[in-house]
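*Asks:* Output the structure for:
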Amino acid sequence: MPYLFLFILSSLLLTACSETPPSEQTKDSATKATVVVPPEHNGCRRCHAVHQDKAHDFSCSDCHGGNDTSNDNQTAHLGLIARPAHPTSMAKSCGRCHPDQSAGVAESIHFTLAGKINQVRKAFGANAPLDNLTQVPITEVPESPLQLADDLLRRRCLRCHPYSSGDPYPLVGHGTGCAACHLDFNDGAPATHTFLAAPTDKQCLQCHYGNWVGADYHGRFEHDFNEEYRTPYFTRASADKAPIRPYGVEFHQLAPDIHQQQGMICIDCHNGAELMNSSKSQSIRCQDCHLQQSLEKALPSNVTAEAGQYFLQSKGDKRRHAIPVMSHPAHTAYRDSMDCQVCHAQWAFNDIGTHLLRNDTIEQDTFWRLTTQGSWEVEQILSNNQSPDTSTTLPPTMADKISGELKQGIWHQGYTMRRWETIQLGRDEKGKISVMRPILDLHLSWIDENHTVRFDAITALSDNKGLLPYVPHTTGHAGMFYRQRLQDFYQMENAEKNAVKKESLKQ
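*Replies:* Numbers count the residues shown, from 1 in each chain. Have a look, this model is predicted:
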């Protein structure tokens, strides 16, 4: 009997200090790799085998809080900060060592998204701009087009921003705050705890995927959502595995930007000052690297001049790239009257008629061909509720991407037409010819839980069919047809002017 008592007591002592005995194998939550926990490790690293870079090789509790000296699960996690790089925590964590960067990035375009949200809100009747995406108003029951647009922004559009970890698609899920750009994520979890001094294109594409600038740099054009227009038709590793769609929707592989083909990455042009500090930012222009006068005036930080030639040192392939300087007569003739991409864009995003429907009902059978929506939440609800094998119907709720609160209704999305072949041209506010995109060709609807149509395809208050200037990142040689592109634009513009003139004469 005494021997039995001692055996039980010793067993309890061995297991009481930790949920996982030090000699057993455990799954590293960061790397998802099976590791052996060394017996000498106490505290956090007894269960979490984290590999840190030298600059950040300090106690886990310095950033994450909690108690790094305890082997008891509950005690160790008291006061835990799961996401110390989140915008609400980064000033106290990252900001202790990086105060200037932390303060500057909080006002950057990537953190506030002020330009994007104000563009949409103004088109639906807003009179005053907002400073930050967190200021987008919350309305439980929208009564105006603007309130409906605000609900759309908070629950459908703002899935990619530093407050959210994004949709859990393989190459979309990312960190929050500083970690969104400076930590490497795979399948929604950190691939490593080694911080990146400079983000790669992989980090950029975690938000700049789909039909947004960034994906086009790599030659990607997202398929339509209808299952009959997405190929290959069966994108699974095997019949029992989930679809292989790393960005949520398959994409056509078109011609990448010539800079990408040469080995350059996003941050070779878009530096830290532009991305992280709006007060110091200055948008990059093609002329900064390709116009002789600009280079003679000031060299970009990663450009050097040698024997009359200019070279860019890439952070991507680590090579020096010779920079061609503008020499064609067309550059002198058109440089001040049109953007470079008017001639040099190989293709452009041209999603005509973006239709967005808030559906508060549980009936979604009409969307059986559109279960793939580019939104994980919507896809899970539609796929589950339309499956003959399901035993539980998921409610039509969608989370607020800023607060995380679930709310009634899911936002469906679709398009009248998706094309890339025809590059639309127009004039910006200063009269300069630019590539245009129907960014505000938006149509919002809402059906409530009683099947009452509250709003029916209300359109944005914008001129010129919602067309706005944008810069397609599909640069290539202008080729032999750039003159034809311009000629077609001038003919169309003159025809429109003549039509207006004739109409005014009739009146």
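*Asks:* Just give me the neighbour total for residue 437.
*Replies:* If you count neighbours by other CB atoms under 10 Å, residue 437 ends up with 24. Any C-beta I mention is one placed from the backbone N, CA and C, and that applies to glycine too.
*Asks:* residues contacting the closest residue to residue 84 other than its chain neighbours?
*Replies:* Sequence neighbours aside, residue 93 is the residue nearest to residue 84 in space, at 3.8 Å (criterion: CB to CB, 6 or more residues apart in numbering). Going by CB atoms under 8 Å, 6 or more residues apart in numbering, residue 93 touches 63, 81, 84, 85.
*Asks:* Turn those into TSV, columns for neighbour count.
*Replies:* Putting the contacts of residue 93 into TSV (neighbours: other CB atoms under 10 Å) gives the following:
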residue	neighbour count
63	19
81	16
84	21
85	22
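*Asks:* Distance of residue 411 relative to residue 209?
*Replies:* 18 Å (CB to CB, to the nearest Å).
*Asks:* Looking at those two, which is more packed in?
*Replies:* Each of residue 411 and residue 209 has its neighbours counted (other CB under 10 Å); residue 209 has more, 25 against 20.
*Asks:* buried residues in stretch 129-137?
*Replies:* 130, 132, 133, 134, 136 (16 or more other CB atoms under 10 Å).
*Asks:* so for it, what's the average pLDDT?
*Replies:* For stretch 129-137, mean pLDDT is 95.
*Asks:* Would you mind stating the distance between residue 430 and residue 337?
*Replies:* 10 Å.
*Asks:* Just want to know which of those two has more residues nearby.
*Replies:* Taking neighbours as other CB under 10 Å, residue 430 and residue 337 compare with residue 337 leading, 11 against 7.
*Asks:* unless I'm mixing things up, the more buried one is touching residue 428, no?
*Replies:* No: Residue 337 lies out of contact with residue 428 (CB atoms under 8 Å); the separation is 11.3 Å.
*Asks:* Can you give me the buried ones in the stretch of helix or strand residue 485 belongs to?
*Replies:* Assigned by DSSP states H and E, residue 485 falls within helix 482-506. Across helix 482-506, burial judged by 16+ other CB under 10 Å covers 482, 485, 486, 489.
*Asks:* same question, stretch 86-100
*Replies:* Within stretch 86-100, judged by 16+ other CB under 10 Å, the buried ones are 86, 87, 89, 90, 93, 94, 95.
*Asks:* Low-confidence regions, the stretch 101-250 of the chain specifically.
*Replies:* 232-243 (pLDDT under 70).
*Asks:* ok, now with 80
*Replies:* 229-244 (pLDDT under 80).
*Asks:* Distance-wise, check the residue nearest the centre of the chain relative to residue 199.
*Replies:* When CA atoms, centre = their mean is applied to the chain, the residue found nearest the centroid is residue 207 (1.6 Å). Per CB to CB, residue 207 is found 11 Å from residue 199.
*Asks:* same deal with residue 503?
*Replies:* Residue 503 is 52 Å from residue 199, by CB to CB.
*Asks:* Which pLDDT value goes with residue 32?
*Replies:* pLDDT, read off for residue 32, is 43.
*Asks:* Also the one 5 residues further on?
*Replies:* In the predicted model, residue 37 carries a pLDDT score of 46.
*Asks:* Then residue 50?
*Replies:* 81.
*Asks:* what does residue 507 give?
*Replies:* 72.
*Asks:* Nearest to residue 380 among the buried residues of stretch 86-100?
*Replies:* residue 86 (24.3 Å; CB to CB).
*Asks:* Thank you kindly, that will do.
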